[in-house]
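Enquirer: For reference, the sequence and a predicted model appear below.
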Amino acid sequence: MLFHVRMNVNLPASMPLEEAATLKQTEKDLAQRLQREGKWRHLWRIAGQYANVSIFDVDSVDELHTLLTSLPLFPYMHIDVMPLCRHPSSVRDGDF
Ligand SMILES: O=C(O)CC1=CCC(=O)O1
């Protein structure tokens with residue numbers, strides 16, 4: 001199942017820089033592991049914003065929920081999820 005996910009990150013200004021750096025590094029390590037596993041298929045920065053657009057390929061809504069809520073930055077993100085299905089006019093076979 002494919003999901004389009006938008007994540008807007010909003011770290012509190014009061015957060016110590018070292019704590020923010022550790023959170024970002026932990027997030028990066030997990031995000032890169034999930035990309036290598038094929039779960040996090042696309043990760044794009046939205047230009048000019050501390051936000052990303054991602055495509056996840058997971059087995060269920062529950063798996064997506066577990067994955068998103070386990071992200072180290074989850075407490076500091078606003079997340080919007082859109083489930084995707086195949087467009088009848090698409091020329092791709094789904095393996096993008
Ligand atoms: O910087 C972001 O958009 C939040 C984030 C998601 C994966 C990652 O490494 O950072």
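Expert: Right, received. Where do you want to start?
Enquirer: The ligand contacts on this protein?
Expert: The chain comes close to the ligand at residues Met7, Val9, Glu27, Lys28, Ala31, Asn52, Leu73, as judged by Cβ under 6 Å from any ligand atom. To be clear about C-beta, it is placed using only N, CA and C from the backbone, and glycine gets the same treatment.
Enquirer: I figured the second one hits Tyr76, correct?
Expert: Yes - taking Cβ atoms under 8 Å as the contact criterion, Val9 and Tyr76 are neighbours in contact, 5.9 Å apart.
Enquirer: hang on, the earlier thing: go through the residues of the chain next to the ligand and flag which are in strands.
Expert: Met7, Val9, Asn52 (DSSP state E).
Enquirer: Show me the strands in this protein, by range?
Expert: 2-9, 40-45, 51-57, 77-84.
Enquirer: What pLDDT does the model give Val9?
Expert: We have a pLDDT of 98 for Val9.
Enquirer: Tell me which residues touch it, please.
Expert: Tyr50, Ala51, Leu73, Tyr76, Met77 (Cβ atoms under 8 Å, 6 or more residues apart in numbering).
Enquirer: Tell me the pLDDT of the closest residue to the third one other than its chain neighbours.
Expert: The shortest distance from Leu73 to any non-neighbouring residue, by Cβ to Cβ, 6 or more residues apart in numbering, is to Glu27 (4.9 Å). Predicted confidence (pLDDT) for Glu27: 98.
Enquirer: Count the neighbours of Glu27 for me.
Expert: Residues within reach of Glu27, counting by other Cβ atoms under 10 Å, total 17.
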